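In: fold the following, please.
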Amino acid sequence: MVVVVIVVIVVLILILGLWAAYNTLVKKRNRTQEAWSEIDVELKRRHDLIPNLVSTVEGYASHERGTFEAVTAARANAVSAGATGDPSKIAPAEDALSGALRSLFAVAENYPQLRAVESFVQLQETLTATEDKIEYARRYYNTSARDYNISLQTFPRNLIAGSFHFTAVAFFGADAADRAVPEVKFPGSNAAGTVAPPVGPPPADGEQGPPSAT
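Out: Numbering: from 1, shown residues only. A predicted model of the protein is given here:
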């Protein structure tokens with residue numbers, strides 16, 4: 001009788017352990033997916049700002065057509081990559097877009113009259129704020145992805161990860177040089193153009209993430 005009781009207790013402990021491990025994996029996966037959704041929102045906001053930015057600068061430097069076409073093409077590639085939801089495709093595309101934006105701001109620096117264009121200054125400030133949010137969301141996502149991936153590899157969670165289709169997620173990274181747009185400041189403006197990147201995947205729990213876009 002004592003043996004039976006011991007066996008029952010051991011079985012219950014195992015069941016409770018697996019239950020706790022499963023719930024932990026769900027929470028970490030959801031947190032990572034929530035973090036990724038924040039990146040996705042800000043990247044889309046970034047993409048929406050670029051056509052107006054290009055149009056404004058083009059009005060003062062129409063002969064710089066090669067730069068404008070490069071930015072437009074880079075934006076289109078970034079939008080296409082974003083539709084895949086794959087960080088390994090999104091990050092390079094966003095890096096290329098950052099490089100194109102650096103060239104655009106370099107062109108803008110050659111036209112002081114742009115400092116009097118309110119729409120350009122507003123776009124510049126909005127882009128700067130958006131890039132800051134992307135960078136914050138990227139850090140939060142990568143931290144969440146790291147914790148989730150570690151959980152998948154540690155005992156006893158690794159015993160149930162495969163059975164319940166928990167899979168590792170990719171980090172969203174970029175070189176510092178690819179995240180920064182040259183600082184562009186005009187008299188009377190505190191705007192500074194800075195660019196950072198991106199997007200990956202997974203499900204969300206109640207833990208606090210980066211501030212939602214408004």
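In: would you map the helices across this protein?
Out: Counting by DSSP state H, the chain has helices at residues 2-58, 65-84, 87-109, 118-153, 157-161, 176-179.
In: what about this structure, any weak spots by pLDDT?
Out: 174-214 (pLDDT under 70).
In: which residues touch Thr72?
Out: Neighbouring residues of Thr72 by CB atoms under 8 Å, 6 or more residues apart in numbering: 50-51, 54. Using the backbone N, CA and C atoms, a C-beta is placed for each residue, glycine as well.
In: ok, of those residues, which one's closest to Tyr141?
Out: Ile50 (22.2 Å; CB to CB).
In: got a list of what the residue lying closest to that closest one once chain neighbours are set aside touches?
Out: In this structure, Ile50 finds its nearest non-sequential neighbour in Arg75, 5.0 Å apart by CB to CB, 6 or more residues apart in numbering. Arg75 makes contact with 47, 50-51, 97, 100 under the criterion CB under 8 Å, 6+ apart.
In: cutoff 6 Å now
Out: Residues counted as contacts of Arg75 (CB atoms under 6 Å, 6 or more residues apart in numbering) are 47, 50, 97.
In: against Lys44, how distant is it?
Out: 11 Å (CB to CB, to the nearest Å).
In: isn't Val107 right up against Ser62?
Out: No: using CB atoms under 6 Å, Val107 and Ser62 do not qualify as a contacting pair, with a distance of 11.0 Å.
In: skipping adjacent residues, who's closest to Phe172 in space?
Out: Pro87 (4.5 Å).
In: was I right about that neighbour contacting Gly173?
Out: No: in this structure Pro87 lies outside contact range of Gly173 using CB under 6 Å: 8.3 Å.
In: compare those two (neighbour count), which wins?
Out: Taking neighbours as other CB atoms under 10 Å, Pro87 and Gly173 compare with Pro87 leading, 26 against 15.
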